[in-house]
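Asks: coords please:
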Amino acid sequence: MSEDPEARSTRLSGPAFWVGFVLASVGLLLTVNQVFNLGFAGFRPISTAYYYLVIGLFGGFAFLAFPALKSQRRHVAWFDWILSAAMVALGAWLASEALTIQLRGWNATAPFWPTVAAGAFLALVLEGVRRTGEIILFVACLIFGAFPLFAGEMPGFLWGVQLPLDATVQEHVFGTESVIGIPMQVVADTLIGFLVFGVVLAATGGASFFMNFALALMGTSRGGPAKVAVVSSALFGMLSGSPTSNVLTTGTLTIPTMKRCGYAPHYAGAVEACSSTGGALMPPVMGAAAFIMANFLNVPYSEVMLAALLPSLLFYMALFLQTDLYALRHGLRGVARTEVPPLLPTVAAGWHYLAAIIGLTILLLAFRIEAEAPFWVSLFLLGVALLRRRATGFGWRSFATLVVESGQAVAHLVALIAGIGLIIGALSVTGVANSFSRELVQYAAGNVVLLLALGALTSFILGMGMTASACYIFLAIVLAPALVQAGLDPMASHLYVLYWGIVSFITPPVALAAIAAASIAKSSPMLTGVMALRIGCLLLILPVLFVLQPALILKGDAITVIQAVATAMTAVILLASAFEGHVYWIGRAPAWARVGIGIGALLMLVPEGMTDLFGLAISIATIVLMRLATRRAAVRGESTRPPRTPRSGVR
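Replies: Residues are numbered from 1 along each chain as shown. Okay, the predicted model is just below:
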């Protein structure tokens, strides 16, 4: 089974569980106090003090939840307690000195002992990212964090302002562009509520409801289990924002059902992997990177949601059509009606989950209260769970577990983002971030295709070793500005980087979501990954499309948007037919027809000149030829068939 870093920690039991409960409770109450500006007990910390406290509390939690070595997965070592206490203490000390740090400019020059304490804090931040992230992310944070020490010795556009060790430490810890830079500010000010909402949704039975809801809607239809996987993973994934966690949550139900109804194991795993990965790009939540994107672009999060909506719908349309055509080609049916829950009782039992999605969307789009919205919706779900505790069994122990799991989700992200902040801080203080983008544009000599290819390759490589958030943040600093300088739409440029960072979840050799699905499907991980890449190839194509044609992210006049949407939908239908070898209302497509239809569909997606009409003409011509060939084969088969012998009536 693929390891999911966000899975429930097996170390948090006994004293560690209750210490984690206390740390999480204090951290979450602190967040509510800050987000709603309650001033509880007269406590109103300045923003930087709040960020230091968040890092201290949840960073301390991370040392209890995440082991230093794999051999310590099931117990908390004695030094973990020391590191946890040190992290909490240093976070509290930095918060108490936050005003002094600002007024006396400690980021430029600070006393000796505070600098030593800051160095210890920095070491703990690096250890936290080592425990919660992949080794490549730790190495990147370490090298880039130390970059100011040797920036003056670097060649070309990598040359920057060089700093001594003490100044580097001071800039990282006391400055506002590194450990407590924009990514940490977004996490502390906005994202914690959404992480809590995801945990509350799962803990109160949201995953089961979405599964039953999708099953009730289309379980008995042709290839129903695969469609259930697509819909349920989209519904749950767009709220959880974690591809691998989504696979391990919904895939345990969808994959065996798909196999039982005739889908090949590797195909079933690939469908679930793609569906779960797409959830991280589907509004309203979309994961951490989307909120950080809104901050980088200085736009409301609702604009990011609207821009990401149509590409996500096109992606799920492609998945849905491919699973339907696969079932049509192989003659697969849905599950028995006796195994499908009735729709109305299912909705009646879980109406509050649908209300939560609608309510969250309204609060985000209409009221634009990004920080407060998830807390209100979480409170609503908890209230319903308590009122129905006889049916749900939700009691004190369930609540304590929910708080600890929320603390772990926040601790995982805080530990990662604190380390990633070192990369941003180093590139910012040395001035390399701006020069890198400028030089990149000059090297590309205005060639947008070269820039996009470089961006895709870099995003893909970094995405194999980093989380989507880490990959996006790094490239939003060094690459996205270059795309914008080249004349591309800012929103499309940032979404381009985000999409390509997500692709690695379904692309071998890493393909974390595909490997997790393969472990459930009991299929070859590599075969599942290759199939996931084929089924989800639109994830690679879409970012290129909306960068070159911003109408696909709803930028432009109504006529242009409608035309782009109609063209893209037609192309998606044709691509699905080419991939699965079956055309609706005509039948199976031979290899030559699949190639022709596929080429025509790809040409339709190119937003240049008349290529869309040319591509449509190629696809239609291919389908017509395929139809004629099918009819001729049928006539030829009829003419060569021996004459039927009249029945004699004798058995």
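Asks: who's in contact with the residue nearest the centre of the chain?
Replies: Nearest to the mean C-alpha position of the chain, by C-alpha atoms, centre = their mean, lies residue 280 at 3.1 Å. Contact partners of residue 280, counting by C-beta atoms under 8 Å, 6 or more residues apart in numbering, are 237, 241, 242, 243, 286, 287, 468, 502, 505. For glycine as for every other residue, the C-beta is placed from the backbone atoms N, C-alpha and C.
Asks: pull the CA atoms of the helix or strand harbouring residue 382 into CSV?
Replies: Using DSSP states H and E, residue 382 falls within helix 373-387. C-alpha atoms of helix 373-387 as CSV (Å, rounded to 0.1, in the frame of the first residue of the first chain):
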residue,chain,number,x,y,z
ALA,A,373,-16.5,30.3,5.5
PRO,A,374,-15.0,26.8,6.3
PHE,A,375,-15.4,27.4,10.0
TRP,A,376,-19.1,28.1,9.6
VAL,A,377,-19.6,25.1,7.4
SER,A,378,-17.6,22.9,9.8
LEU,A,379,-19.7,24.1,12.7
PHE,A,380,-22.8,23.3,10.7
LEU,A,381,-21.6,19.7,10.1
LEU,A,382,-20.6,19.2,13.7
GLY,A,383,-23.9,20.5,14.9
VAL,A,384,-25.8,18.0,12.7
ALA,A,385,-23.5,15.2,13.8
LEU,A,386,-24.2,16.0,17.5
LEU,A,387,-28.0,16.2,16.9
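Asks: what packs against that helix?
Replies: Judged by 3 or more C-beta pairs under 8 Å, 6 or more residues apart in numbering; DSSP states H and E, helix 373-387 is in contact with helix 192-203, helix 343-362.
Asks: Just read off the phi/psi values of the residue nearest to the centre of the chain.
Replies: Main-chain torsions, residue 280, degrees, to the nearest 10: phi -70, psi -10.
Asks: Show me what stretch 193-209 is in contact with.
Replies: So stretch 193-209 is contacted by 28, 31, 35, 232, 236, 239-242, 249-250, 285, 291, 346, 349-350, 353, 356, 360, 371-375, 377-378, 381-382, 384-385, 392, 394, 398, 401-402, 405-406, 409-410, 413 (C-beta under 8 Å, 6+ apart).
Asks: related to what we said a few turns ago, least confident of the contacts of residue 280?
Replies: Among these, residue 241 carries the lowest pLDDT, at 65.
Asks: Need the winner for burial among the helices and strands packed on helix 373-387.
Replies: Most buried of those by mean neighbour count (mean count of other C-beta atoms under 10 Å) is helix 192-203; its value is a mean of 25.
Asks: ok so, going back, and the helix holding residue 382, how far out from the chain middle?
Replies: 24 Å (C-alpha atoms, centre = their mean, to the nearest Å).
Asks: Give me the residues contacting it.
Replies: 32, 35-36, 193-194, 196-197, 200-201, 204, 206, 352-353, 355-356, 359-360, 363-364, 367, 392, 394.
Asks: Run through the helices of the stretch 251-400 of the chain in chain order.
Replies: For the stretch 251-400 of the chain, the helices defined by DSSP state H, counting those that start in this stretch occupy 265-279, 288-297, 301-330, 343-362, 373-387, 389-392, 396-430.
Asks: Mean pLDDT added to those helices, as TSV?
Replies: Listed next are those as TSV, based on pLDDT from 0 to 100:
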stretch	mean pLDDT
helix 265-279	93
helix 288-297	90
helix 301-330	94
helix 343-362	93
helix 373-387	94
helix 389-392	76
helix 396-430	93
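Asks: List just the one of the ones you listed that sits closest to residue 222.
Replies: With C-beta to C-beta as the measure, helix 301-330 is the member of these nearest residue 222 (4.8 Å).
Asks: buried residues in the closest one?
Replies: Neighbour-count burial for helix 301-330 flags 301-328 (criterion: 16 or more other C-beta atoms under 10 Å).
Asks: elements contacting that helix?
Replies: helix 224-240, helix 265-279, helix 288-297, helix 490-502, helix 538-548, helix 558-580, strand 582-583.
Asks: tell me the angle it makes with helix 224-240.
Replies: 170 degrees (axes from the mean of the first three to the mean of the last three C-alpha atoms, to 10 degrees).
Asks: With only the CA atoms kept, save whichever helix or strand residue 514 is part of in CSV.
Replies: Assigned by DSSP H and E, residue 514 belongs to helix 512-521. Output in CSV follows, covering the C-alpha atoms of helix 512-521 (Å, rounded to 0.1, in the frame of the first residue of the first chain):
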residue,chain,number,x,y,z
LEU,A,512,1.6,8.4,-6.1
ALA,A,513,-2.1,8.4,-6.7
ALA,A,514,-1.8,5.6,-9.4
ILE,A,515,0.4,3.5,-7.1
ALA,A,516,-2.0,3.8,-4.2
ALA,A,517,-4.9,2.8,-6.6
ALA,A,518,-2.8,-0.1,-7.9
SER,A,519,-2.3,-1.4,-4.4
ILE,A,520,-6.0,-1.6,-3.9
ALA,A,521,-6.7,-3.0,-7.4
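Asks: what packs against that helix?
Replies: helix 243-260, helix 265-279, helix 525-535.
Asks: Report all helices and strands that the longest one contacts.
Replies: Using 3+ C-beta pairs under 8 Å, 6+ apart, the elements in contact with helix 243-260 are helix 206-218, helix 224-240, helix 265-279, helix 512-521.
Asks: and residue 57, how many neighbours does it have?
Replies: 27 (other C-beta atoms under 10 Å).
Asks: ok, it - contacts?
Replies: Counting by C-beta under 8 Å, 6+ apart, residue 57 touches 23, 26, 27, 30, 88, 91.
Asks: Now the two most distant members of the residues you listed.
Replies: Taking C-beta to C-beta as the measure, those have their most distant pair in 30 and 88, spaced 12.3 Å apart.
Asks: any low-confidence regions in the stretch 551-651 of the chain?
Replies: Along the stretch 551-651 of the chain, segments meeting pLDDT under 70 span 609, 637-651.
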